[in-house]
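[1] quick one: sequence plus predicted model below, questions after.
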Amino acid sequence: MTGKEFMKAVSNGQVDLIQLLLDALAKMESAYCVIGGLAVNAYVEPVVSLDLDIIVAAKNLEKLMAIATSHGLKLERFEHSVILSSPQSDLRIRLQTDKRYQEFISRARDMEVLGYTMKVAAIEDVLQGKVWAYQDNTSRKSKRQKDLADIIRLIELQPKVEESLPYSVREQIK
């Protein structure tokens with residue numbers, strides 16, 4: 001089973017939302033990068049997730065959302081993100097709109113993730129995003145624990161990055 005077949009099976013996908021998104025970004029010639037759990041999976045052993053967190057160049061966000069709705073995707077707007085979903089897949093695409101993440105795009109590089117070639121944020125940026133997510137006290141406790149586990153997974157790969165973590169996060173790891 002290929003990575004794409006695995007993702008389709010896990011997400012009950014009748015449509016390949018990841019490929020649809022990547023094709024739309026390529027057609028628009030938009031800068032972007034993947035963050036979150038799927039980006040962590042680019043660096044360490046994959047863990048299944050039904051979320052794709054991505055940053056799109058701010059100037060292209062509205063155009064991408066228009067393309068998404070023209071393909072029948074549902075849009076849900078939140079304070080710092082837009083969720084794209086389809087009744088034909090359990091996968092959710094989270095377009096991160098928090099401006100802090102925009103600078104990650106310039107350091108992203110092409111990587112293979114579960115059978116897809118996509119721009120993935122640099123490991124230091126993925127780690128920073130996970131720290132921000134972990135420190136967000138409005139998130140569910142289980143989500144924050146997953147973020148902490150992802151931080152630990154990245155540190156196990158590159159122990160030197162632990163030095164860049166805030167003291168409070170380093171204490172939680174110990």
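    Cool, got the structure. All of these numbers come straight from a predicted model, not from anything done at the bench.
[2] now the helices for this structure?
    For the chain, the helices defined by DSSP state H cover 3-10, 17-28, 36-43, 61-70, 123-134, 141-157, 167-173.
[3] pLDDT on the first one, on average?
    In other words, helix 3-10. Mean pLDDT, helix 3-10: 75.
[4] give me the buried positions along it.
    For helix 3-10, burial by neighbour count (16 or more other Cβ atoms under 10 Å) applies to 7-8. Placement of C-beta: from N, CA and C, glycine included.
[5] and L91, which of the helices of the chain is closest to it?
    helix 17-28 (4.9 Å; Cβ to Cβ).
[6] just checking, what packs against that closest one?
    With contacts taken as 3 or more Cβ pairs under 8 Å, 6 or more residues apart in numbering; DSSP states H and E, helix 17-28 sits against helix 3-10, strand 51-56, helix 61-70, strand 81-86, strand 89-96, strand 116-120.
[7] just the buried positions in that helix, please.
    Buried-residue list, helix 17-28, by 16+ other Cβ under 10 Å: 17-18, 20-22, 24-25.
[8] could you list every residue that touches I155?
    Neighbouring residues of I155 by Cβ atoms under 8 Å, 6 or more residues apart in numbering: 127, 161-162, 165, 173.
[9] rerun that using 7 Å as the cut-off
    Contacts for I155 were tallied using Cβ atoms under 7 Å, 6 or more residues apart in numbering; they are 161-162.
[10] check what pLDDT it gets.
    In this model, I155 carries a pLDDT of 95.
[11] what about it, distance to I67?
    From I155 over to I67 the distance is 37 Å, taken as Cβ to Cβ, to the nearest Å.
[12] centroid-nearest residue for this protein?
    By Cα atoms, centre = their mean, the chain has its centre lying nearest to D53, at 2.5 Å.
[13] bridged to that residue, which residues?
    Beta-bridge pairing for D53 (DSSP bridges): I35, R94.
[14] my read: it touches I35, true?
    Yes. The pair D53 and I35 qualifies as a contact (Cβ atoms under 7 Å) at a distance of 4.8 Å.
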